[in-house]
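# Quick one, structure for this:
(one chain, ligands or ions: 2)
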Amino acid sequence: MDSATRRVYSENFKELKAALSPEDAAVEANRCLWCYDAPCAKACPTHIDVPRFIKQIASGNLIGSAKTILEANALGHSCARACPVEVLCEGACVYHAWQERPIEIARLQRRATDHLHLNGADAVFKPAPANGRKAAVIGAGPAGLSCAAYLRRLGFAVTLYDREKTPGGLNTRGIAEYKMTQRVSLDEVHRLLGLGIEIKLGKEIGGDIPAGKLLSDFDAVFLGCGLGATRKLGIPGEGLRGVWDALSFIRFVKERNLKPLGKSRVTVVLGGGNTAVDAVTQSKRIGAERVMLAYRRGREEMGAYDFEVELAKSDGAEFLWNAAPTRILGKTKVEGIEFCRTQVRQGRVVSVPGSKFKLACDRVIKAVGQEKDRSLAEALGLQTESDGRIKADPETLATSNPQVFAGGDAVNGGAEVVNAAADGKRAAWAIWRRLNPGLPPPPGNDYWVSTIEGRLVAPIPERETGNGKRETVTTGE
Ligand SMILES: Cc1cc2nc3c(=O)[nH]c(=O)nc-3n(C[C@H](O)[C@H](O)[C@H](O)COP(=O)(O)OP(=O)(O)OC[C@H]3O[C@@H](n4cnc5c(N)ncnc54)[C@H](O)[C@@H]3O)c2cc1C
Ligand code: SF4
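Numbering: from 1, shown residues only. Ligands and ions are numbered 1, 2, ... in the order given. Predicted structure coming up:
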């Protein structure tokens with residue numbers, strides 16, 4: 001990395017939410033009311049026992065706190081950075097009822113898992129003794145990693161495949177660097193692989209290895225293969241130099257490899273979701289002078305979270321509503337873009353006649369959603385939804401082939417890391433139940449299974465410390 005790039009990252013890609021100091025964490029943990037039937041825990045798709053882990057931080061039991069988090073969410077380390085907590089746990093915190101600042105759950109979670117990662121992360125959980133069954137997991141993103149980790153805890157021999165050379169899926173290649181660095185994602189992967197997961201990178205199922213082979217070689221298969229490439233616009237000029245799809249653009253930014261992107265004075269980002277807003281913010285931060293987000297509907301219909309839009313605004317981004325691209329202009333490289341004005345009538349976007357206008361720009365980033373990748377579903381003969389998502393039972397995540405389970409973006413069409421992590425956990429438990437009907441899980445697995453079966457939030461166990469005080473203990477201790 002040259003010195004200019006290094007400066008860009010050290011100045012513009014600082015973490016949005018810095019780590020809490022031990023003192024600040026103690027103060028924040030003691031603000032928590034440790035609510036009974038806590039709404040924050042219910043709002044988390046993995047049902048982390050938030051009051052319990054916060055109480056453990058308050059009593060100085062950081063390793064126990066991390067265990068509580070990771071029991072419910074094997075990807076709790078990355079979720080502490082990536083989760084849109086404003087609309088999940090922190091959004092549900094009871095402090096909102098008094099118009100007060102909610103508890104900083106994510107930063108407390110990070111305090112516990114950071115501590116664990118610095119102090120013997122590999123010793124947290126052990127796999128159960130081998131149960132004699134083998135499972136294949138396709139995709140080393142959040143869904144696949146979560147499923148693989150819980151399958152190991154149930155005693156399965158697990159082989160995890162990914163077509164990329166680096167594991168982590170979008171956690172490693174998609175989450176904006178100022179929320180979570182690649183290092184954090186890879187440290188988490190390393191900890192999970194420590195459970196004894198065999199990983200095969202650079203292996204595409206359906207390409208390097210026939211999908212059907214997995215059905216004969218393994219007792220169960222989990223598909224955590226995510227979504228496909230960015231959708232095409234289908235307009236003239238899409239092949240010009242300087243037109244990027246958002247995923248490739250963000251990947252280069254995350255890999256700190258800015259050379260292939262070149263420089264931009266004016267960038268136009270097309271789309272209205274979180275990925276579009278991420279592309280805008282990152283374009284600004286790598287040095288584009290002007291960055292404009294253009295969306296074919298109005299502000300109120302944008303899929304992006306308000307706090308992400310505010311971040312882009314505070315970085316100086318401009319917004320163009322009700323504008324649909326009709327042509328990208330230029331001979332060999334982008335010189336501008338032509339739009340027409342739009343109106344939304346009965347939910348449909350229609351162009352306003354005679355409303356075309358042009359903007360000069362030198363980079364266009366397409367962030368108009370990802371296609372569904374039907375290839376694995378087709379190769380395995382699985383049913384899909386009409387939009388191409390893999391069809392899976394909402395409770396067990398079993399597909400139309402009872403040997404195959406699926407979760408994460410490939411099933412929900414694109415949600416958050418925490419949803420993928422929750423799916424992986426539920427699928428692991430469903431695979432156990434299918435292969436061992438009526439059998440309880442091996443010892444040491446009751447707690448996380450209870451987070452799936454709704455028997456959540458047992459009373460926080462306490463023990464005497466010998467000096468007249470009591471401290472909380474956690475599952476597995
Ligand atoms: C730009 C962007 C920013 C995002 N930001 C956030 C955020 O800030 N917070 C948040 O919570 N969520 C965010 N998300 C969403 C989040 O990243 C996803 O919901 C999550 O990663 C889904 O996990 P997954 O495991 O289902 O899929 P992925 O993370 O996509 O992982 C799928 C893996 O499967 C592999 N694979 C696919 N097909 C095959 C095959 N045939 N053979 C072998 N391997 C295969 C892929 O290489 C990939 O590694 C973002 C998404 C994007 C696109
Ligand atoms: S809702 Fe807020 S105060 Fe109550 S347990 Fe959760 S974080 Fe603590």
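
# Spatially central, which residue of the chain would that be?
Val417 (2.3 Å; CA atoms, centre = their mean).

# residues in contact with that residue?
75, 78-79, 82-83, 142, 170-171, 175 (CB atoms under 8 Å, 6 or more residues apart in numbering). (C-beta placed from N, C-alpha, C; glycine too.)

# Which ones, among the residues you listed, also lie beside ligand 1?
82-83, 142, 170-171, 175 (CB under 6 Å from any ligand atom).

# In three-state terms, how would Val268 be classified?
strand (DSSP: H, G, I helix; E, B strand; the rest coil).

# ok, so what distance separates the closest residue to it other than its chain neighbours from Gln383?
Distances taken as CB to CB, 6 or more residues apart in numbering put Cys361 closest to Val268, at 4.7 Å, once the chain neighbours are dropped. Per CB to CB, to the nearest Å, Cys361 is found 43 Å from Gln383.

# what about Asn12, how many neighbours?
Number of residues near Asn12 (other CB atoms under 10 Å) recorded here: 16.

# meant to ask about Asn419, not that
Asn419 has 20 nearby residues by other CB under 10 Å.

# Repeat that for Pro102.
Pro102 has 18 neighbouring residues, counting by other CB under 10 Å.

# And it, how close does it get to ligand 2?
Note on Pro102: its distance to ligand 2, by CB to the nearest ligand atom, to the nearest Å, is 6 Å.

# which SS class is that residue?
With three-state DSSP as the criterion, Pro102 reads coil.

# doesn't Leu108 make contact with it?
No: the pair formed by Pro102 and Leu108 falls short of the contact definition of CB atoms under 8 Å, at 11.4 Å.

# anything in contact with each of the two?
With CB under 8 Å, 6+ apart, Pro102 and Leu108 have no common neighbours.

# Got phi/psi on Pro167?
When read as degrees, to the nearest 10, the backbone of Pro167 gives phi -80, psi 170.

# which element is the closest residue to it other than its chain neighbours on?
Using CB to CB, 6+ apart and skipping the chain neighbours, the partner closest in space to Pro167 is Ala140 (3.9 Å). Ala140 belongs to no helix or strand when assigned by DSSP states H and E.

# Would you mind listing what in the stretch 151-300 of the chain touches ligand 1?
Contact residues, the stretch 151-300 of the chain versus ligand 1 (CB under 6 Å from any ligand atom): 161-164, 169-171, 174-175, 179, 204-206, 224-226, 247, 250, 275, 278.

# tell me the two of the ones next to ligand 1 among the contacts of Val417 that are most distant?
Greatest spatial distance in these: Cys83 and Leu170, 13.6 Å, computed using CB to CB.

# all helices of the stretch 151-300 of the chain, in order?
170-173, 182-193, 211-217, 246-254, 274-285 (DSSP state H, counting those that start in this stretch).

# any chance of the ones you listed in a markdown table, with mean pLDDT and distance to Arg389 too?
Listed next are the helices of the stretch 151-300 of the chain as a markdown table, based on pLDDT from 0 to 100; distance: least, CB to CB, whole Å:
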| stretch | mean pLDDT | distance to Arg389 |
| --- | --- | --- |
| helix 170-173 | 97 | 17 |
| helix 182-193 | 95 | 25 |
| helix 211-217 | 96 | 17 |
| helix 246-254 | 96 | 18 |
| helix 274-285 | 95 | 18 |
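
# Turn these into JSON lines, columns for mean neighbour count.
What follows is the helices of the stretch 151-300 of the chain, written out as JSON lines (neighbours: other CB atoms under 10 Å):
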{"stretch": "helix 170-173", "mean neighbour count": "24"}
{"stretch": "helix 182-193", "mean neighbour count": "20"}
{"stretch": "helix 211-217", "mean neighbour count": "16"}
{"stretch": "helix 246-254", "mean neighbour count": "21"}
{"stretch": "helix 274-285", "mean neighbour count": "26"}
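
# Those helices into TSV, with extra columns for distance to Asp2?
Putting the helices of the stretch 151-300 of the chain into TSV (distance: least, CB to CB, whole Å) gives the following:
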stretch	distance to Asp2
helix 170-173	22
helix 182-193	19
helix 211-217	43
helix 246-254	15
helix 274-285	17
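
# Which one of those helices lies nearest to Thr68?
Closest among those, once you apply CB to CB, is helix 182-193, at 15.9 Å.

# The longest helix along the chain to helix 182-193, inter-axis angle?
Secondary structure of the chain per DSSP state H: the longest helix is helix 417-435. If you take axes from the mean of the first three to the mean of the last three CA atoms, to 10 degrees, helix 417-435 sits at 10 degrees to helix 182-193.
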